[in-house]
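J.: My questions are about this predicted structure, shown below with the sequence.
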Amino acid sequence: MTSHMPKINLVALYLRLPDADYRLVERIVNSRTGELRASRPPVPAQVEVPDERYGYRYDYENEADTELGIAAYIWRMVAFQVSVKPAHHCMPCTAEFDLPGSCNSPVQKAAIARANAIIRVVVDSLPADQRHGIRAWGQAFGFLGSPRYNAEGAVIYR
């Protein structure tokens, strides 16, 4: 038996999201199965752009590439919360590298705010039994399930 990624109901999301945001969600879904993609959508390489403070920084060349970067961020954060693959449950520490703008810039903060609103809608559209990453972290922190203890008294969450 193989575990499948959660199915994302694009019809329901189409009714809840603006067109531009819905197009980002389409990029994180496997078009054949309707499930969350098993891997990050492709992202174009960033290029050097002039920067007043440091001389240059890396960013996307155009708006279309920027949207692809935001879609990759959305996929990573959704996968963190709902993927069946345990590897996706690792903390997404470098997910912001796919976003436009430099660290904590207004451009990046705006992209994060937009993406987080989309992520919330996507994750909330899934039933609780399909939120595998949330369940894994809930068990790790002792919020879900019943912990077991080994002979030394350490908590085992499996």
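T.: Cool, got the structure.
J.: State the distance from the residue nearest the centre of the chain to residue 11.
T.: Centroid-nearest residue in the chain, with CA atoms, centre = their mean: residue 77, separated by 1.9 Å. As judged by CB to CB, to the nearest Å, residue 77 and residue 11 stand 22 Å apart. Backbone N, C-alpha and C define where each C-beta goes, glycine included.
J.: do residue 113 as well
T.: Using CB to CB, we find residue 113 at a distance of 26 Å from residue 11.
J.: Any chance you could list what contacts stretch 40-47?
T.: Stretch 40-47 is contacted by residues 27-28, 58-61, 65, 68-69, 71-72, 75-76, 98 when judged by CB atoms under 8 Å, 6 or more residues apart in numbering.
J.: for stretch 75-84, same thing?
T.: 3-6, 27-28, 36-37, 40-41, 85, 88-92, 95, 98, 115-116, 119, 122-123, 126, 130-134.
J.: centre of the chain versus it, how much separation?
T.: Between the centre of stretch 75-84 and the centre of its chain there are 5 Å (CA atoms, centre = their mean, to the nearest Å).
J.: can I assume residue 76 sits in a helix?
T.: Yes: secondary structure of residue 76 (DSSP: H, G, I helix; E, B strand; the rest coil): part of a helix.
J.: How many neighbouring residues does it have?
T.: Using other CB atoms under 10 Å, residue 76 has 22 other residues around it.
J.: Find the nearest non-adjacent residue to residue 4, please.
T.: residue 35 (5.9 Å; CB to CB, 6 or more residues apart in numbering).
J.: go on, residue 58?
T.: Computed as CB to CB, 6+ apart, the closest residue to residue 58 that is not its neighbour in sequence is residue 46, at 4.1 Å.
J.: How many neighbouring residues does that neighbour have?
T.: Residue 46: 17 surrounding residues under other CB under 10 Å.
J.: got the phi/psi numbers for it?
T.: Taking degrees, to the nearest 10, you get phi -80, psi 150 for the backbone angles of residue 46.
J.: start the count at 25, not 1, going forward
T.: Right, with 25 as the first residue, what we last looked at is residue 70.
J.: Read off the pLDDT value for it.
T.: You'll see residue 70 listed with a pLDDT of 94.
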